[in-house]
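> quick one, structure for this:
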Amino acid sequence: MMDCVTILTLAVESAGPEAAGEGIVPIDLIWKYITSLNLLEALTFMSFGAVCIFYGWRIFKMLVVISFALLGLIMGITISDKIGGGDSQLLGGLIGLGVMAALSVPLIRWAVSILGAVAGGILTSGMWYACGLSERYIWAGAIIGMVAGGMISFIVFKIAIMLFSSVGGSALMVIGFLAVMCNEHVGREELVKVLVLNHNWFLPVALFVPTVVGIMLQNKFVKGSRDWSV
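Prediction:
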């Protein structure tokens, strides 16, 4: 989970001067991160991703707290770096982590809705990228998904849980699987590199397919579980 936030941080950092051009999506950074994972880390990603896809509806409260805690950690480090820098980064990160984690518990429904909106934005921006549309306006696609995901989250709360847990689990599984394929014992790095760097459709499709499967499976499990409630 921590490593997924690192990817998001890299994506934000990449939207600097190049943001005015076409290279907004940090594919090169994502590729470097995938190849940096060792076999154990990749398998851990895949295992935790599978748990999120199959049983995200069971552990969604924990996932929400972890997600917002990591968000608070990044915010705290960023703010501390701009204000004081140096040793204050760790303290600011810990304070941000604690505050955001504590707030997410009483505001669990709002937190789930926010995560559902973010998941919707990830999916639609991925579709935008897969279709080869201009990256300069990819935020338009993301905003459409965020609005749709947010509206669905407020209307049907359970769908928001399935959506954000399936997207998160799919992202972990895809990263882990690609890292395994790039491992020296498997020897498929060149093939994966071509797919990731040269084919816009690959990563969005790789994320979308397990997400749909996860939502379908979770919906089936929820209907068959009488003791589950939000």
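> which element follows the worst-scoring helix or strand of the chain on mean pLDDT toward the C-terminus?
Taking mean pLDDT, DSSP states H and E as the measure, the chain has helix 2-14 as its least confident helix or strand, at a mean of 44. Using DSSP states H and E, the next helix or strand after helix 2-14 towards the C-terminus is helix 27-36.
> now the angle between helix 27-36 and the longest helix belonging to the chain, please.
Scanning the chain for the helix with the most residues, using DSSP state H, yields helix 157-182. Counting by axes from the mean of the first three to the mean of the last three CA atoms, to 10 degrees, helix 157-182 lies at 70 degrees to helix 27-36.
> which residue ranges of the chain form strands?
Taking DSSP state E, the chain contains no strands at all.
> pLDDT weak spots in it?
For the chain, applying pLDDT under 70 flags the ranges 1-23, 84-87, 226-230.
> okay, which residue is most central for it?
For the chain, Gly168 is the residue whose C-alpha lies nearest the centre (CA atoms, centre = their mean; 4.8 Å).
> from Ala117, how far out is it?
In this view, Gly168 and Ala117 are 14 Å apart by CB to CB, to the nearest Å. Placement of C-beta: from N, CA and C, glycine included.
> equivalent analysis for Leu133, please.
21 Å.
> quick one: which of these two has more around it?
Neighbours per residue, other CB atoms under 10 Å: of Leu133 and Ala117, the larger number sits with Ala117, 24 against 14.
> what comes up buried for the longest helix of the chain?
Buried residues in helix 157-182, counting neighbours by 16 or more other CB atoms under 10 Å, are found at 158-182.
> same for it, what does it pack against?
helix 2-14, helix 27-36, helix 39-55, helix 60-83, helix 108-130, helix 138-155, helix 189-198, helix 202-223 (3 or more CB pairs under 8 Å, 6 or more residues apart in numbering; DSSP states H and E).
> Leu90 is in contact with Asp81, correct?
No: with contact defined as CB atoms under 8 Å, Asp81 does not reach Leu90; the gap is 10.7 Å.
> hang on, the earlier thing: mind listing what the residue nearest to the centre of the chain touches?
When contacts are counted by CB atoms under 8 Å, 6 or more residues apart in numbering, Gly168 touches 4, 49, 52, 56, 63, 67, 119.
> and with 7 Å instead?
The neighbourhood of Gly168, defined by CB atoms under 7 Å, 6 or more residues apart in numbering, consists of 52, 63.
> report the separation between it and Ser125.
From Gly168 to Ser125 the distance is 15 Å (CB to CB).
> try Ser153
17 Å.
> again, but for Gly76
26 Å.
> equivalent analysis for Met181, please.
Relative to Ser125, and taking CB to CB, Met181 is found at 24 Å.
> and what of Ser165?
Taking CB to CB, one finds Ser165 at 19 Å from Ser125.
> is Ser113 in contact with Gly149, as I believe?
No: using CB atoms under 7 Å as the test, Ser113 is too far from Gly149 to be in contact (8.5 Å).
> neighbour count for those two, which is higher?
Taking neighbours as other CB under 10 Å, Ser113 and Gly149 compare with Gly149 leading, 27 against 21.
> so the more buried one sits right up against Val167, yeah?
No: contact criterion CB under 7 Å: Gly149 and Val167 do not qualify, at 9.4 Å.
> shared neighbours, these two?
Ala119.
> count of residues packed around His185?
6.
> for it, which non-adjacent residue is closest in space?
Nearest residue to His185 in three dimensions, chain neighbours excluded: Leu39, at 7.3 Å (CB to CB, 6 or more residues apart in numbering).
> do you know how far Val105 is from Leu70?
15 Å.
> which one's more surrounded, the two?
Per other CB under 10 Å, whichever of Val105 and Leu70 has more neighbours is Leu70, with 22 against 12.
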